[in-house]
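In: Just need the structure, nothing else, for what follows:
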Amino acid sequence: MIWAWSGFLLFICLLLALDLGVIHRKPHEVSTRAALAWSAAWISVALGFNVLVYFGYEHHWVGLGDVIGHELSGRQAGIQFLTGYVIEKSLSLDNIFIIALLFSYFQVPPAHQHRVLFWGILGAIVLRGLMILAGTALIERFEWIVYVFGAMLLLTAVKMLMARHDNLSVERNPLVRLARRYFPITEEYHGAHFLVRRDGRLFMTPLCLVILAVESSDVLFAVDSIPAIFSVTRDPFIVFSSNILAILGLRALYFALAGAMRKFRYLKMSLVFILAFVGVKMLLVHVEPVPTSVSLAVICGILMVGIAASCMPGEDPAALEPPPLAKSPPSAIKRTAVYALRQARRLIVLIVGSSVVLFGIVLFFTPGPAIVVIPIGLLILGTEFVWARQLLKRFKDEARKWTGGKDRGKPGDSKSKGAENVETASPETP
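Out: Modelled structure (predicted):
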């Protein structure tokens, strides 16, 4: 039983040692091209491990699916691992916003950002491992805890819908406050050092405060993401391995997307809908269980819709940000309520309209009326989004060309016919 866990942990330690001890041994600024290459490498490692999970559970290597975890076939284990990995990977995108704000707040030099993320993720592995063990024990002992997890995910979806990233208060962070209270802190950075000694006293550097802030923010995100994976599988090995392999690529993903995250303006709505879907799935687990393959298809579809909508030309991304907070409490409450209703409407329109458009695209390969369904979906989306109205106009123009409507209305046809009628009627006059 211990061989699978020991082998996986040894594998993770080798990856971390190779990352920091060999490849990123010297502090340097990570370029976007290198970050994209490393993101592809981490994703490839996860997909390769997914293949091992399939064969391991199919043939019960080192007790997988027999002594370790639950009794699953290779196909079930592979789909559950991939679904859990996609959920954790997608939810970690919102964490990138927070990390970027923390680096900006503390003015972390670009050359040391990778080191901060490395130690932050190393601490996250330990913390998430403990949380996964606790969650597994709770679910096995109290079956009703899944309803609590489902309600937590729904509340998190609402919270993310109304969340603001422009009013981050780092000074309220409990770990940062404790550090400032009990430890002297230097005003300037000292290279990549977290602690320095001056006149016999030990001082913290701002780099150490950044790690504390990153760790505390990751704990909050783990409270959301780990229950979401439990909606897919109860196997602790699959939950832990998919979660850890997803956050291992968070550093490379941060450097690849941190500067462009604002362009993906509808991705946040996709994450809200994913959390809501997973929360409802957990609440219906004993009434109408949703197959894991269906969950994987729905989650991937939601992400694709959010990314595709963000790539369309449209309104200013700032329109999706919450309005500035008012000074008086009544005005703040009213503004927040109006913003929540507006975002909820946009989310519903985006999901319903995109679903109709995707259904119409599927009908292109069947005898169904795709030429009718797609405009209906674009019409629904056009009530809220400029890019949908532009696509609908293009679709109408192309449809006129296909149906030959352009040749019917040539100027002068009606006039010539009217002229002929006049000429035939004129001889009757004396």
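In: tell me the secondary structure for Trp119?
Out: Following DSSP: H, G, I helix; E, B strand; the rest coil, Trp119 is assigned to helix.
In: Repeat that for Val294.
Out: helix.
In: any weak-confidence spans in the stretch 101-250 of the chain?
Out: Scanning the stretch 101-250 of the chain with the threshold set as pLDDT under 70 gives 162-169.
In: what ranges do the helices span in it?
Out: With DSSP state H, counting those that start in this stretch as the criterion, the stretch 101-250 of the chain has helices at 110-141, 145-162, 174-182, 206-230, 236-248, 250-257.
In: Pull the contacting residues for the residue nearest the centre of the chain.
Out: Nearest to the mean C-alpha position of the chain, by C-alpha atoms, centre = their mean, lies Ser90 at 3.0 Å. Ser90 makes contacts with Ser270, Leu271, Ile274, Ile299, Leu303, as judged by C-beta atoms under 8 Å, 6 or more residues apart in numbering. C-betas here are computed from N, CA, C, even on glycine.
In: neighbours of Leu202, just the number please.
Out: If you count neighbours by other C-beta atoms under 10 Å, Leu202 ends up with 10.
In: Output the contacts of Ser90 as a markdown table; include the columns secondary structure, distance to Thr233 and neighbour count.
Out: Output for these, formatted as a markdown table (DSSP: H, G, I helix; E, B strand; the rest coil; distance: C-beta to C-beta, whole Å; neighbours: other C-beta atoms under 10 Å):
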| residue | secondary structure | distance to Thr233 | neighbour count |
| --- | --- | --- | --- |
| Ser270 | helix | 22 | 25 |
| Leu271 | helix | 20 | 22 |
| Ile274 | helix | 16 | 24 |
| Ile299 | helix | 14 | 21 |
| Leu303 | helix | 19 | 19 |
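In: pLDDT wise, what is the residue lying closest to Phe55 once chain neighbours are set aside at?
Out: Of all residues not flanking Phe55 in the chain, Gly74 sits nearest, at 6.3 Å (C-beta to C-beta, 6 or more residues apart in numbering). With respect to pLDDT, Gly74 has a value of 93.
In: Over to Tyr85: give its phi and psi.
Out: Torsion angles at Tyr85 (phi, psi; degrees, to the nearest 10) stand at phi -70, psi -40.
In: How far off centre is the one helix or strand Glu398 maps to?
Out: Using DSSP states H and E, Glu398 sits within helix 386-403. Distance of helix 386-403 from its chain centroid, counting by C-alpha atoms, centre = their mean, to the nearest Å, is 31 Å.
In: try stretch 55-66
Out: Counting by C-alpha atoms, centre = their mean, stretch 55-66 comes out at 31 Å from the chain centroid.
In: Span of it from start to end?
Out: 13 Å (C-alpha to C-alpha, to the nearest Å).
In: Name the residues of it that are buried.
Out: Gly56, Tyr57, Glu58, Trp61, Leu64, Gly65 (16 or more other C-beta atoms under 10 Å).
In: Reformat those residues as a markdown table; add pLDDT.
Out: Shown next, in a markdown table, are those (pLDDT from 0 to 100):
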| residue | pLDDT |
| --- | --- |
| Gly56 | 93 |
| Tyr57 | 93 |
| Glu58 | 92 |
| Trp61 | 90 |
| Leu64 | 89 |
| Gly65 | 84 |
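In: what's the closest of those to Thr156?
Out: Tyr57 (30.3 Å; C-beta to C-beta).
In: what's the distance between that closest one and Ala17?
Out: 28 Å (C-beta to C-beta, to the nearest Å).
In: try Lys281
Out: Distance from Lys281 to Ala17, by C-beta to C-beta: 38 Å.
In: who has more neighbours, those two?
Out: Lys281 (22 against 10).
In: List the buried residues for the host helix or strand of that one?
Out: Applying DSSP H and E as the criterion places Lys281 in helix 267-283. By neighbour count on 16+ other C-beta under 10 Å, the buried set for helix 267-283 is 267-283.
In: Counting neighbours, what do you get for Leu138?
Out: With other C-beta under 10 Å as criterion, Leu138 counts 16.
In: domain parsing for the chain?
Out: Listed domain ranges for the chain are 2-168+215-311, 329-406 (source: automatic domain parsing).
In: Dump those domains to a markdown table, plus distance to Arg180.
Out: Output for the domains of the chain, formatted as a markdown table (distance: least, C-beta to C-beta, whole Å):
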| stretch | distance to Arg180 |
| --- | --- |
| domain 2-168+215-311 | 13 |
| domain 329-406 | 28 |
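In: Deepest-packed of these, please.
Out: Among those, ranked by average contacts under mean count of other C-beta atoms under 10 Å, first place goes to domain 2-168+215-311 (a mean of 18).
In: give the contact list for Ser295.
Out: By C-beta under 8 Å, 6+ apart, the neighbours of Ser295 are Thr83, Ser231, Val232, Phe277, Val278, Lys281.
In: Output those residues as JSON lines; include the columns distance to Leu138.
Out: Converted to JSON lines, the contacts of Ser295 look like this (distance: C-beta to C-beta, whole Å):
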{"residue": "Thr83", "distance to Leu138": "21"}
{"residue": "Ser231", "distance to Leu138": "14"}
{"residue": "Val232", "distance to Leu138": "17"}
{"residue": "Phe277", "distance to Leu138": "22"}
{"residue": "Val278", "distance to Leu138": "17"}
{"residue": "Lys281", "distance to Leu138": "18"}
